[in-house]
Each structure stands twice: as C-alpha cells, then as structure tokens.
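> need coordinates for the below:
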Amino acid sequence: MTEPGRERVALPAELALAMLRDMVRIRRLEERCADLYGQLKIRGFLHLYIGEEAVAVGAVRALAADDAIVATYREHGHALVRGMPAGVLMAEMYGKREGCCRGYGGSMHLFDAERRLYGGNAIVGGGLPLAAGLALADRMLDRRRVTAAFFGEGAVAEGAFHESMNLAALWKLPVAFFCENNYYAMGTALARSESQTDLCAKAASFGVPTLKADGMDVVAVHQAATQAVRAVRAGAGPFFVEFQTYRYRAHSMFDPDLYRDKAEIEAWKQRGPIHNLTRRLKEEGRLTEEAFLAIDAEAMREVDEAVAFAEAGTWESVADLARDVYTAEQTS
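Alright, predicted model coming up:
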C-alpha cells in the first residue's frame, strides 16, 4: 500500500465545506444504490466509487463549466459533482425514461451533453481516444477549453492509453489525464499486471509533465488538479496526474473480493477522504459535529427524494425498443 506525501494546503472555508458536502452526497447515494441493487431495483452492472470520492470532488471542481469530462463506468460521483440532479441520475440507474439517457445507459453510461459529461464508458480505456478527439476539436476551433479524462490504472496497460497520450503530446492537445489509481484493476493488483508500476514514468515517456497526489485527501486532489488544468489551459499541452486512492467495495457488485487482505482495506479506511476532511475542519474550528450531522442529513434527504423520483418514473415504451438503433431508409 503506497502512501504519497501529505502536505497541509490552505483552503477557503466555503470551498472546503462544499467539497465535504459533495463527498457525503456521493457516499450516501452510492450506499443507497448498493441497497437498491440487492432489492433488484437497479439491474445490470454496478461499480461503486465508495472510498474514492475525493478524486471526483477535488478534480471536477478544478474545471470550468465548459470544460469536458470523459469518465469510466465508476462515474456516479463525477456526474453528481458536475451538476446532474440526483433524481435524474437515479432514474437512469433504474432504467426509467426520466434518466439522463432515457434509461438506456444505466449505471455505466451516464451522459449529459449540456453539462459536457461525455460518459460513462464501459470499456477500460475506451474514453481516452474520445478525450483526445474532444480536445482536438477545441484546439482546431481555438477554444480555451480543457478535456479531463478520468480512468483507472488498469487503462494504463491498454493500447488506447499509449495512442491517446502519444497524439496528445505530439499535437499539444488540451487534455488533463487524471488516473484514479486504486491499485486493483478489476481483481488484479497493479504489481501483478504491469512491470512498470510507476505510472507517472509511463506518462513521462511521452514528454508529458506529471504529478502524484494523495487521492484520499480532497485538498491535495484539488491542488494537483488545479495545477494541471491551469497548465493545459495555458496551451502547454497535456498533463498527467496520478491520484493514489482506494475503493472500499469490490470491483463490482458481482465481485466476491477474494484478492485483497481485509486488514489492508481497514487500513485504507483509516485514511478515508470524508473522515480526514471532517477531522481537519474540526481541528481548525471550521466544523462542529452538529454541522456535520446536518450535512449528512441533507444528503440523506437528497437521496430519498432521488429514489422517490426514480420510483415514480416511467418505463420506456416497448414500441421504442429500436429507437436510436435503426433509421428509416431514405429514398430519392
């Protein structure tokens, strides 16, 4: 288990509390999703982000509203922080028409063009070429936008990663490559799948600047992401950040999680992002236990309302089964 160096960084109280709220919102929503999955309310695959909340919260808050986000199948937190209403997100998980993709996408394919959230991609590394393409379009149209590509360390072993990094570096594309290294790609430890476990070294081989950050510390995440985004927006080309984090749950709800020692999981929980920020704010006199409980209660209410919205939603008509799959043949 790797512990990156931790430095205390000053953070405005308003931003710190906002990031705490977002992490609690993600945690409570995903805990409810796990319960609903057990009740067969949510079907298909479900990959939870519990334990990794600091990465989505700290990094997404470093982006501008017109920047693009490309994420993985563990993207519920990114969507929520980006501004997708919890009810719309939950309706998509249920497969209801009121979801962001009319219920067609489900957990792994959350998409919101208005908020420039381009997936939710179910294929490991599948979002990386999309991120390069979005960035290329921005560069060709002379738009000062950044595309943030979130992906796990397992994607670094994929050809799509190397192709995307190579083109981004070669053409100086405005991409912030945000690697969420949770050390276990599906069920395989990093050291068992990659001969070079220093992920920054791989990115650096393309001449791309890199950073490592403590992915369990939302303040450190926000600082690193802000540094990367500023450099990319200034026209310096791509930037790679490795966020060293850890998921508490198994890879997916189907995963028996037999490949990790339980003591390791408990050790990482002691560094949990919500616990650490809460403790820090209390030590600094910027948060009381009563205030934290109020934040938690507010998040629970939001989740309750989201579930009620999804439950009251409507199923897509069977008549629309082929919608967006086939189109009528045009004759002239």
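
> what average pLDDT does stretch 289-298 get?
Confidence over stretch 289-298, taken as the mean pLDDT, stands at 98.

> list the buried ones in it?
By 16 or more other Cβ atoms under 10 Å, the buried positions in stretch 289-298 come out as 292, 295, 296. Just so you know, the C-beta spots here come from the backbone N, C-alpha and C atoms, and that holds for glycine as well.

> keep only those of those residues that are in helices.
Secondary structure assignment by DSSP state H places 292, 295, 296 of the buried residues of stretch 289-298 in helices.

> how much space between the second one and residue 28?
Between residue 295 and residue 28 the computed distance is 10 Å (Cβ to Cβ, to the nearest Å).

> ok, residue 126 next?
29 Å.

> between these two, which one's more packed in?
residue 28 (21 against 17; other Cβ atoms under 10 Å).

> just confirm that one contacts residue 301, I think it does.
No - counting by Cβ atoms under 8 Å, residue 28 does not reach residue 301; the two are 9.6 Å apart.

> where do the strands sit along the stretch 1-150 of the chain?
In the stretch 1-150 of the chain, the strands defined using DSSP state E, counting those that start in this stretch lie at 68-70, 147-152.

> so what secondary structure elements neighbour the following helix or strand past the last one?
By that I understand strand 147-152. For strand 147-152, the following helix or strand on the C-terminal side (DSSP states H and E) is helix 159-170. Helices and strands touching helix 159-170, by 3 or more Cβ pairs under 8 Å, 6 or more residues apart in numbering; DSSP states H and E, are helix 127-140, strand 175-181.

> which positions in the longest one come out as buried?
The one in question is helix 127-140. By neighbour count with 16+ other Cβ under 10 Å, helix 127-140 contains the buried residues 127, 128, 129, 130, 131, 132, 133, 134, 135, 136, 138, 139.

> hang on, the earlier thing: and of the strands of the stretch 1-150 of the chain, who's closest to residue 11?
Smallest distance to residue 11 across the strands of the stretch 1-150 of the chain (Cβ to Cβ): 20.3 Å, for strand 147-152.

> strand partners (parallel or antiparallel) of the closest one?
Here strand 147-152 has these sheet partners by DSSP bridges: strand 68-70 (parallel), strand 175-181 (parallel).

> export the ones you listed to JSON lines and tack on mean neighbour count and distance to residue 248?
Formatted as JSON lines, these follow (neighbours: other Cβ atoms under 10 Å; distance: least, Cβ to Cβ, whole Å):
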{"stretch": "strand 68-70", "mean neighbour count": "27", "distance to residue 248": "23"}
{"stretch": "strand 175-181", "mean neighbour count": "28", "distance to residue 248": "14"}
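
> now tabulate those strands in a markdown table and tack on distance to residue 23.
Formatted as a markdown table, the strands paired with strand 147-152 follow (distance: least, Cβ to Cβ, whole Å):
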| stretch | distance to residue 23 |
| --- | --- |
| strand 68-70 | 17 |
| strand 175-181 | 15 |
